[in-house]
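Asker: sequence and predicted structure below; questions after.
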Amino acid sequence: MSVHTTAKRITVPQLRAYKNQKKIVSLTSYTAPFARVLDEYLDMILIGDSTAMVGYNMENTLAITLEQMAAHARAVVRSTQNVCVVVDMPFGSYQESPEQAFRNAAFLLKESGADAVKYEGGTPLAATTRFLVDRGIPVLAHIGLMPQYLNTMGGFKAQGMSDEAAEIIYQDALSQEQAGAFAVVIEGTAEPLARRITQALSIPTIGIGASPECDGQILVAEDIFNLTPNRIPKFARQFSDVQAAIREGVAAYATEVREGTFPTLDHCFGVKKK
Ligand SMILES: Nc1nc(=O)c2c([nH]1)NC[C@@H]1CN(c3ccc(C(=O)N[C@@H](CCC(=O)O)C(=O)O)cc3)CN21
Ligand SMILES: CC(C)C(=O)C(=O)O
Ligand SMILES: [Mg+2]
């Protein structure tokens, strides 16, 4: 059953006001069929650059383009009416300068109608966040495990495990809040660190492999439906088996076509009724 009573999209300021009030429930979605269903249950949908891996079977997230992200975001916006829609900025589309980030964020929002952008980076990207927010583009920050930095981080590894590393990530969170981010995604960090950040910030934290104490949670939708091409991360859990449902349907279809029991004349045109 839908948690939404009226069909009015949750705004960025409304999401921000969830802090200490209610949990932000969020998943990724890249296409219309998923987005249409998820829209009835969630507060926020992210068009994640993880679609590179989950939707295109790429090795990592680096190669997905701005145009691809815009097209996926447009499909999700067209298919939803309740959720706040946030779109990931792909690798190389924002790191160069605040001006580059603004130009590409504006492109994404204009092409798609999404509500906000997200990108990976803490203190080094704080000036970019201030630049965008001052010019009308809401920013969801993303700190901790940042998949676009895998070549400098040496892979998808949990972050903030030492006191020194934790302190840097804690500062990343404060910097992004100070710069005007409306919320911050904390991915793949030591749990006590995510808890401490959540307590320190006045904006919501949205955890993925972070802490149950975060103000919200996000996962890759395919991971919870058993539709991921590869192994799901430790922090995900399978909540239903959509792959099994698809197998059942496709097996039945294949059998009936091979046996000639589908289609029947009921599915054909120009057949004289008896
Ligand atoms: N299907 C999918 N789900 C995700 O959550 C996801 C993606 N893909 N692709 C983009 C990023 C990459 N993410 C990942 C992917 C793998 C691990 C992983 O395997 N982590 C190890 C522990 C790493 C360590 O600390 O050594 C694990 O056991 O889960 C973590 C985050 C999260 N994002
Ligand atoms: C998992 C979330 C936080 C993400 O950035 C993505 O899916 O790309
Ligand atoms: Mg992402």
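Answerer: Nice, I can see it. Ligands and ions are numbered 1, 2, ... in the order given.
Asker: in the stretch 1-150 of the chain, where is pLDDT below threshold?
Answerer: 1-7 (pLDDT under 70).
Asker: can you give me the helices for it?
Answerer: Along the stretch 1-150 of the chain, counting by DSSP state H, counting those that start in this stretch, helices occupy 12-16, 32-38, 51-54, 66-78, 98-112, 126-134, 150-153.
Asker: which bits of this protein sit near ligand 1?
Answerer: 50, 53-54, 61, 145, 147, 156-158, 188, 220, 223, 228, 232-234 (CB under 6 Å from any ligand atom). In this view, the C-beta of every residue, glycine as well, is placed from N, C-alpha and C.
Asker: apply 8 Å and report the result again.
Answerer: 48-50, 52-54, 60-61, 145, 147, 155-158, 187-188, 208-209, 219-220, 222-223, 228-236 (CB under 8 Å from any ligand atom).
Asker: of the residues you listed, buried ones?
Answerer: Among the residues of the chain next to ligand 1, the ones that count as buried by 16 or more other CB atoms under 10 Å are 48-50, 52-54, 60-61, 145, 147, 158, 187-188, 208-209, 219-220, 222-223, 228, 232-233, 235-236.
Asker: out of those, which are inside strands?
Answerer: Glu187, Ile208, Leu219 (DSSP state E).
Asker: the residue most central in space within the chain pairs with what?
Answerer: Central residue of the chain (CA atoms, centre = their mean): Leu46, 3.0 Å from the mean position. Using DSSP bridges, the bridge partners assigned to Leu46 are Thr28, Val86.
Asker: thinking it is in contact with Val87, fair?
Answerer: Yes: using CB atoms under 8 Å, Leu46 is in contact with Val87, at 7.5 Å.
Asker: what do these two both touch?
Answerer: Jointly contacting Leu46 and Val87 under the rule CB atoms under 8 Å, 6 or more residues apart in numbering are Lys118.
Asker: check contacts around the residue in the stretch 1-150 of the chain positioned nearest to ligand 2.
Answerer: Per CB to the nearest ligand atom, Gly48 is where the stretch 1-150 of the chain lies closest to ligand 2, at 2.3 Å. Applying CB under 8 Å, 6+ apart, we find Gly48 in contact with Thr28, Tyr30, Asp88, Val220.
Asker: the strand or helix carrying Glu177 close to ligand 2?
Answerer: Per DSSP states H and E, Glu177 falls inside helix 163-179. No: applying CB under 8 Å from any ligand atom, one finds helix 163-179 separated from ligand 2 by no less than 14.4 Å.
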